[in-house]
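Q: Got a predicted structure here, sequence first:
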Amino acid sequence: MDYESPAEGGLLPLDLDVFSLHGSMPHEQRIEVFKQFRSAKRGLLFCTDVAARGLDLPKVDLVLQYCAPTSATDYVHRVGRTGRAAQVGAAVLFLLPSEAEFVRHLEQKRIRLRQSDESRALDALQTVVPSAPTRQRAAIAVQSKLEYTAHGSKEWLARASRAFTSWVRFYSCYPREVRMWLDARLLHLGHAAKAFALRETPAALARRARSDPNLQKERPNNRLTMHDEEEKKRPGFPKMKVGVFAHKIVNKQSSMHTASEFDSGLPPVDTYTR
């Protein structure tokens, strides 16, 4: 296999059952997903904070947090989903360079974390692409596979675009108490789009989102939801340009802001584990 081409085959084990759970789902559907995940021999659940508390999941042994929590309390609830009933479990929190100081906030709440070397995660990619000579080449092959899949059909591309737009909206609504560490103005939106396997510029994605009827079809109402009219009333909320999300990035002396908009975003990123 050419390691420059997309990775062949799937990126997940064939015997792994994958589920999703979020607050916009009907209650009956959420209950059914919850039951199926609990009974799965090997299961992976993609979920929002709707699953952070109140669910009995005794066999969960790993929690991966791709977005920082909105508070230290939510962090405790998230990691509390693993290692229950005297079982062994682990929790991993991924942070961007601009978010690294959020760890100090958690430490002030007497939450101790241990920094992990991201090279361990990159090394694991070579088991997915064994023909790649380096872990960086393996990462490129996996990224190509994800982009190939996302752009393989209009439906998947629309899903990826909506997911990116929803994530940017969510990030812009962090509470004021944590916004100094989780500032939407410091995001590199080009890198963020790549994380959703998208190739378009953030500006192009914003135009697509404005014309996407699915984004206006349903307004979920859970405890983390904030609508546009509420955002305008929020004290201290940063002023955003008209549109789905702002493109402004604060001019900081940071390598993440001098990188190409379509750079892979693969330079080392500190990660922290419980």
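A: That came through, no problem.

Q: Residue ranges in the protein under the pLDDT threshold?
A: 1-11, 214-274 (pLDDT under 70).

Q: Domain boundaries for it, per the record?
A: 17-119, 131-266 (automatic domain parsing).

Q: Quick one: closest of those domains to Leu125.
A: domain 131-266 (4.0 Å; CB to CB). (C-beta placed from N, C-alpha, C; glycine too.)

Q: circling back: save the domains of the chain as JSON lines, and put in mean neighbour count and distance to Leu125 too.
A: Output for these, formatted as JSON lines (neighbours: other CB atoms under 10 Å; distance: least, CB to CB, whole Å):
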{"stretch": "domain 17-119", "mean neighbour count": "15", "distance to Leu125": "11"}
{"stretch": "domain 131-266", "mean neighbour count": "15", "distance to Leu125": "4"}
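
Q: Now the element after the helix ranked longest in the chain, going C-ward?
A: Counting by DSSP state H, the longest helix found in the chain is helix 154-171. Moving toward the C-terminus from helix 154-171, the next helix or strand (DSSP states H and E) is helix 189-195.

Q: Mind giving me the packing neighbours of that following helix?
A: helix 154-171, helix 202-210 (3 or more CB pairs under 8 Å, 6 or more residues apart in numbering; DSSP states H and E).

Q: Save these as TSV, and put in distance to Asp17 too.
A: TSV is the format used below for those (distance: least, CB to CB, whole Å):
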stretch	distance to Asp17
helix 154-171	20
helix 202-210	31
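
Q: Leu187: which of those helices is closest?
A: helix 154-171 (6.6 Å).

Q: Helix 202-210 and that closest one, what's the angle between them?
A: 100 degrees (axes from the mean of the first three to the mean of the last three CA atoms, to 10 degrees).

Q: and helix 154-171, C-alpha only, in PDB?
A: Extracted C-alpha coordinates of helix 154-171, given in PDB (Å, rounded to 0.1, in the frame of the first residue of the first chain):
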ATOM      1  CA  LYS A 154     -23.100  14.400  -0.300                       C
ATOM      2  CA  GLU A 155     -24.800  13.000   2.800                       C
ATOM      3  CA  TRP A 156     -21.500  12.400   4.600                       C
ATOM      4  CA  LEU A 157     -20.100  15.700   3.500                       C
ATOM      5  CA  ALA A 158     -23.200  17.500   4.800                       C
ATOM      6  CA  ARG A 159     -22.900  15.700   8.100                       C
ATOM      7  CA  ALA A 160     -19.300  16.600   8.500                       C
ATOM      8  CA  SER A 161     -20.000  20.200   7.700                       C
ATOM      9  CA  ARG A 162     -22.900  20.400  10.200                       C
ATOM     10  CA  ALA A 163     -20.800  18.800  12.900                       C
ATOM     11  CA  PHE A 164     -18.000  21.400  12.400                       C
ATOM     12  CA  THR A 165     -20.500  24.300  12.500                       C
ATOM     13  CA  SER A 166     -22.200  22.900  15.600                       C
ATOM     14  CA  TRP A 167     -18.800  22.500  17.300                       C
ATOM     15  CA  VAL A 168     -17.800  26.100  16.500                       C
ATOM     16  CA  ARG A 169     -21.100  27.300  17.900                       C
ATOM     17  CA  PHE A 170     -20.600  25.200  21.000                       C
ATOM     18  CA  TYR A 171     -17.100  26.500  21.500                       C
END
